Each structure stands twice: as structure tokens, then as C-alpha cells.
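[1] with the input below, show me the fold.
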Amino acid sequence: MTKKIFASCLLVCLFVLPQIASAQGINFEHDLAWKDLLTKAAKENKIVFMDAYTTWCGPCKKMARETFMQPDVANLFNAKFVNAKIDMEKGEGIALSQTYNVRAYPTLLFINPTDGAIVHQAVGYHDGEQFLQLANDALDPSKQIGVLNMRYDRGDRNPEFLFGYAYAAREAMTGTHGKIADEYLKTQKDWASERNSKFLFDMATDANSPMFQYILDNRERFETLYSKDMVNQKIETLLYNKLDDPNASLDEIQAVLKKTNPENAERTFNNYKMVYYRNRGDRANYAKSAVSYFKAYSDSAEELNEAAWTFYEVIEDKSMLKKAVKWAKKSIKLDNQYFNNDTLAALYYKLGKKSKALAAAETAIALGKTAGEPTQPTEELLAKIKAMN
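    Modelled structure (predicted):
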């Protein structure tokens, strides 16, 4: 009888304990210093996985809440990696962000513990399936970005290699995938094949590139592969990126928008004008274009808040700041959140309206704490408001 009970308990442990472990998600080594974590991984002959995050990063929180908790994900990462979750704005994270050139969040790093070199990496939110694929690529030397970089540096220009390398570089956000994609496409006589067309659509990031021009010239074909909305979104994204170009022409951008998406061309162009002038530090034209834009379009809480915050940062004219207050209030009416109440508090502070600034700041902090947002900047603003005469 005792043996049967023992056997039953053993079976329960064998089946239940792994499920309990996976239900707890990825096991992160929170208490180890970075050098000790590398030592642990080296002894266990494992790669280090580092979730490079910040407290204010929405996609980071979503991955922590959803992706990291999935049983399949937890089982793989707990078995194959030593896992670290490090805030890039605190403690060792500040130096590590410089060492590994972390510029966006989350950055998902796989690191060789013996020399600290990056084996593989990706940037941005990944769902469970994408994250498992990323981990398996990190475990496969033929797909690791570090190995692919070495192959490229040694002169490998095989078309199939370039095809896969471009995707790996894009996911890693190394800034090189456009160049690699160009090299691949130069080996291809038929850009119109479905494989090459999808590759080109995925890789196009520069509105000055032959890839962008090919999309414009063959827009109807791409609409059959994707959809009209997706193609318009791609074109508008590349044109938006072009606004950073010192040689960008608003007239040329407007002409493309009118040709490709005439129904929304006016609104999109007027929005781009704001960005164009803001990027160039032209405060007068930025303010003028913003006022004009929001007279016609005021249905986006994010757009209203962004413009109101920019006015707080760069505009001194009180009449213009009062317009920004109206935008912040409209943003709050559309979507009452920490970020737009914080903007309203800052604007009232700049206008010298102490009681209104105080109320808005306290509301922002309360909303932020409820949502789990970092509220330190607003708390610092609140201290300044309280010190006002």
C-alpha cells in the first residue's frame, strides 16, 4: 500500500511540478550581478537571454504579462537559457545599454557568456510563436545574427544567404537590412515574382530607394498581394520617414499622396507638414500648421496630446499655449489617461496657473499609479508647481 501511495505521489510530482514551473513563466535571475550571471551561464553551458526593458515601455509590459508567461515559452527558456530582465535606465542597465547599443525597447538579446558577445538579437514586441522562433534561431548557429554578420564580412554574397540575412538584420534592427536587401535584389532579374515582391515590400524603408519607386510603379500588383489599405499605409510610412531628410520636398510628398490615396491625402499631408516644420525647428510654421490642422481634425487623443506637449516644449506665446490647453483637454475627453493629464499640468504650469496645474498633476499621478505607469516626472513637476508663488 505504501509503495502504491509513493508511486502515485511520484507521478503527481512528475506531471504537476513542470506545469507549476511553466505557469510561473520565465525564471529570471533577478539577484545576480551581470558578471555573476555570465559565470553561471558559462558553467551551465547556456546562452544568456537578456530582456532589455524600461519601466515606461508598453510593449515590454505586454511581453512580461503575456509572452513570458506562456508555458511553451517558459519551458524552452528555463531549460536552454540563463535569463536576465534588466532595466536599461537603472543600476547596471545603464552601462549595459551602452555596451550593447540598446536604442529601442524591448531589445531581446542572446549573449555568449564566455566573451559577452551578442549571438542573436531582436527588437520589439514578440508574441509567443514569434518569441519561440527567435529563441530557436538563437540556438541554431546557422541562423544566429552574429554568425550571419561574420559570413557577410567574409564576403558571402550567395543570394539565398542574403535573403535570409536581410530578414535577420531587419528583426535585429542593425540598420543594415536595406543595404543587404539591395544586394540581394541586384542578383534577381525578376522582381515581380511573388517571393521577391513580398521581400521588397518587407524591406523597403527609404522613400528615395528603387524599392519604393518599384512599389509606386506597381501599386496595383502589391494591392493584390496585400490590400489597398496596407499598400497605402506602407507608402505613407515611407513618406513620413522621408520628413527627416533635409532635402525632402513637401510638394513632392503631397504629389505622391494625392496620386496614391486621394481620399486621405489632405489630412495626411497637413499632418506631415507639422512634422516637417517641427523636425526643422521652424517654430512659427510648426505652430501655424498645427493650429490649422486641429481646426479641421481633432479626433485623435494621441495626435492632440503630442501637439500640445510639443507646444509646451517649444512655444512661448501665451495665446498659442492656450490653444494647446484646449487640445490637451480634448485629448483627455477622448481618452482620459496619465499622459494627457500630465501634458495639461505642464501647460498650466507654463502659463502660471498654479491651482489648475496642481489639480491636473494630481489627477495624472493618480491615473498613472492605477495603470502602473512611472509617475516620477509628474511628481517632480508637482514639486515645482507647489513652489510657485
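[2] OK, contacts around the closest residue to residue 78 other than its chain neighbours?
    For residue 78, ignoring the flanking residues on the chain, the nearest one in space by C-beta to C-beta, 6 or more residues apart in numbering is residue 27 at 5.0 Å. In short, each C-beta sits where N, CA and C put it, glycine included. Going by C-beta atoms under 8 Å, 6 or more residues apart in numbering, residue 27 touches 21, 74, 77, 78, 83.
[3] cool, and residue 242?
    With C-beta under 8 Å, 6+ apart, residue 242 has these contacts: 206, 207, 208, 248, 253.
[4] filter those residues to the buried ones?
    With burial judged by 16 or more other C-beta atoms under 10 Å, the buried subset of those is 207, 248, 253.
[5] just the closest of these to residue 267, please.
    Nearest to residue 267 among the buried ones among the contacts of residue 242: residue 253, at 13.6 Å, using C-beta to C-beta.
[6] and the residue nearest the centre of the chain, how far from residue 103?
    Centroid check for the chain by C-alpha atoms, centre = their mean gives residue 124 as the closest residue, at 4.8 Å. In this view, residue 124 and residue 103 are 12 Å apart by C-beta to C-beta, to the nearest Å.
[7] and for those two, which residues touch both?
    Listed as contacting both residue 124 and residue 103 by C-beta under 8 Å, 6+ apart are residue 173.
[8] roughly how far is stretch 173-192 from the heart of the chain?
    23 Å (C-alpha atoms, centre = their mean, to the nearest Å).
[9] kindly report the same for stretch 283-294.
    A distance of 28 Å separates the centroid of the chain from that of stretch 283-294, by C-alpha atoms, centre = their mean.
[10] quick one: low-confidence parts of the chain?
    The model of the chain has pLDDT under 70 over residues 1-23.
[11] hmm, back to that, which of the contacts of residue 242 fall within helices?
    In helices, judged by DSSP state H, the following of the contacts of residue 242 are found: residue 253.
[12] need the contacts of residue 242 in a markdown table (columns: distance to residue 235).
    Formatted as a markdown table, the contacts of residue 242 follow (distance: C-beta to C-beta, whole Å):
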| residue | distance to residue 235 |
| --- | --- |
| 206 | 13 |
| 207 | 8 |
| 208 | 13 |
| 248 | 15 |
| 253 | 10 |
